[in-house]
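Enquirer: Need coordinates for the following:
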Amino acid sequence: MLVHRLLIVDGSSILTTCFFATVPKEYYYGRTPEEKQAALSRVMKTSTGICVNGVYAAMKSLTKLLSGYKPSHLAVVWDITRDTFRRRIYPEYKGNRAETVPELKSQFILMQEILEDANIQQFMDADLEADDLIGSLSKQFEGKLPVYIYTKDQDCLQLVNDYTRLWLNTNRADELKATYGVTGIPDNVFEFTPYYVKEVYGLNPIQIIDKKALEGDTSDNIPGVRGVGEKAAVPLLQEFGTIEMIYEALESDEQAFKETCKSLGIRSPVKALKEGKESAILSKNLATIRCKKLEVTLDELRLSINEIALNRQYKRLEFKTLIKPVLETPVIKQAEQGCLF
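Expert: Numbering: from 1, shown residues only. Model (predicted):
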């Protein structure tokens, strides 16, 4: 039975994850660029030499996700450049990341072509990142139907609310499922609701932004406040709520602030906070997902896969195990109306 829900899939996340999960193991053992490149040269290819390891695994995962959880609506979002508005704010943003290897880069275009032929709605923007588009879609349609986000990007925790849940692809998934007794969700994924964000991180979803603003993020090269880590950031945010309120308390009565820190059991971060105020504000700006109105209707997101075109692509790319008989009736019919979650 179809489930009346909008599933938003982070295409960049799923493809990148699948690519690196299926490269030869020698890639990770390689000590030199030459050794790593030699391993990459052996990734799965078609008989004509097209690299397809990531696309094959990603389409297999997406097919399993759709067949297992049968969403009524679907959107796939993409990162298409690192030179987004965040680079204008902070030129060093994501400046520590290596260039995307050609073997993966070519597969982004390939997978986007497959999804387009299959009649799956995709979204990309030269000024925004995938998580901004995820936020835009979730905010636009939450309340109209349940929204589920599938990604590996923890930034999306800030989007979780009573109408939007996050299926976070994480290596902690099995541990978290066992701890909280959660079942019925995809493999390698933990489903975050507001309750579980608070349980796991000790904060409300919106405070994940402030947490990152204080701690920084090495993967995105967000500086944060030097000298303030998780042990101080979480208690401070539990006590004061936001970085703005932390600084308000510090600047209005420094001695009282120090006493509060002592009562929270943390070493006074006053010096670090004073020196890092500008960086904290910048980091919060960088960590905040930007949402904008997208020119799309809910009906346009209704899932109706063109299986004939999809099979044609699979045949061209020699994905024999993914080809399936085409039904005479539409693959996806209109979902029954249902309550949110």
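Enquirer: Pull the contacting residues for the most centrally placed residue in the chain.
Expert: Compute the mean C-alpha point of the chain, and by CA atoms, centre = their mean the closest residue is Asp153, 3.0 Å away. Each residue near Asp153 by CB atoms under 8 Å, 6 or more residues apart in numbering is listed here: 10, 13, 130-131. Placement of C-beta: from N, CA and C, glycine included.
Enquirer: hmm, 6 Å instead?
Expert: Asp153 sits next to 13, 131 when contact means CB atoms under 6 Å, 6 or more residues apart in numbering.
Enquirer: Phi and psi next, for it.
Expert: Recorded main-chain torsions at Asp153 are phi -90, psi 110, according to degrees, to the nearest 10.
Enquirer: any idea how far it lies from Leu133?
Expert: The span separating Asp153 from Leu133 equals 12 Å under the rule CB to CB, to the nearest Å.
Enquirer: ditto for Leu322
Expert: From Leu322 to Leu133 the distance is 26 Å (CB to CB).
Enquirer: can you check Leu250 too?
Expert: 36 Å.
Enquirer: try Lys271
Expert: 39 Å.
Enquirer: Mind giving me the packing neighbours of the host helix or strand of Leu273?
Expert: Element membership of Leu273 [criterion: DSSP states H and E] is helix 270-275. Using 3 or more CB pairs under 6 Å, 6 or more residues apart in numbering; DSSP states H and E, no helix or strand is in contact with helix 270-275.
Enquirer: From the rest of the structure, what touches it?
Expert: 225, 227-228, 250.
Enquirer: 8 Å - rerun?
Expert: Here helix 270-275 has contacts from 225-228, 246-247, 250, 254, 257-258, 261, 280, using CB under 8 Å, 6+ apart.
Enquirer: Closest to Gly49 out of the residues you listed?
Expert: For the contacts of helix 270-275, the closest approach to Gly49 (CB to CB) belongs to Arg226, at 47.8 Å.
Enquirer: where does the closest one land on pLDDT?
Expert: Per-residue pLDDT puts Arg226 at 95.
Enquirer: ok, so what distance separates the residue nearest to it when sequence neighbours are not counted from Glu230?
Expert: Leaving aside its sequence neighbours, Arg226 sits nearest to Gly276 (CB to CB, 6 or more residues apart in numbering; 5.7 Å). According to CB to CB, Gly276 stands 15 Å off from Glu230.
Enquirer: repeat for Phe192
Expert: With distances taken as CB to CB, Phe192 is found 18 Å from Glu230.
Enquirer: Among those two, which residue is more densely surrounded?
Expert: Phe192 (26 against 12; other CB atoms under 10 Å).
Enquirer: hey, what's that one bridged with?
Expert: Counting by DSSP bridges, Phe192 forms beta bridges with Leu166.
Enquirer: Is it correct that it is in contact with Leu168?
Expert: Yes: using CB atoms under 8 Å, Phe192 is in contact with Leu168, at 5.8 Å.
Enquirer: anything in contact with each of the two?
Expert: In contact with both Phe192 and Leu168: Leu157, using CB under 8 Å, 6+ apart.
Enquirer: ok so, going back, neighbour-wise, which of Leu250 and Leu133 wins?
Expert: More neighbours surround Leu133 than the other of Leu250 and Leu133, with 26 against 21 (other CB under 10 Å).
Enquirer: what sits against the more buried one?
Expert: With CB under 8 Å, 6+ apart, Leu133 has these contacts: 77-78, 123-125, 294.
Enquirer: Let's have those in a markdown table, adding distance to Lys212.
Expert: Formatted as a markdown table, the contacts of Leu133 follow (distance: CB to CB, whole Å):
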| residue | distance to Lys212 |
| --- | --- |
| Val77 | 20 |
| Trp78 | 22 |
| Phe123 | 24 |
| Met124 | 24 |
| Asp125 | 22 |
| Leu294 | 25 |
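Enquirer: Would you mind listing the two of those residues that lie farthest apart?
Expert: So for the contacts of Leu133, where distance means CB to CB, the most widely separated pair is Trp78 and Leu294, at 13.5 Å.
Enquirer: Now do the residue located most distally from the centre of the chain, the pLDDT please.
Expert: Distance to the chain centre peaks in the chain at Gln255, reaching 40.5 Å (criterion: CA atoms, centre = their mean). On the pLDDT scale, Gln255 is placed at 96.
Enquirer: A helix includes it, no?
Expert: Yes: counting by DSSP: H, G, I helix; E, B strand; the rest coil, Gln255 is part of a helix.
Enquirer: how far away is it from Tyr27?
Expert: Gln255 sits at a distance of 55 Å from Tyr27 (criterion: CB to CB).
Enquirer: what's the answer for Glu34, then?
Expert: 12 Å.
Enquirer: neighbour count winner among these two?
Expert: Neighbour totals were compared for Glu34 and Tyr27, and Tyr27 leads with 17 against 8 (other CB under 10 Å).
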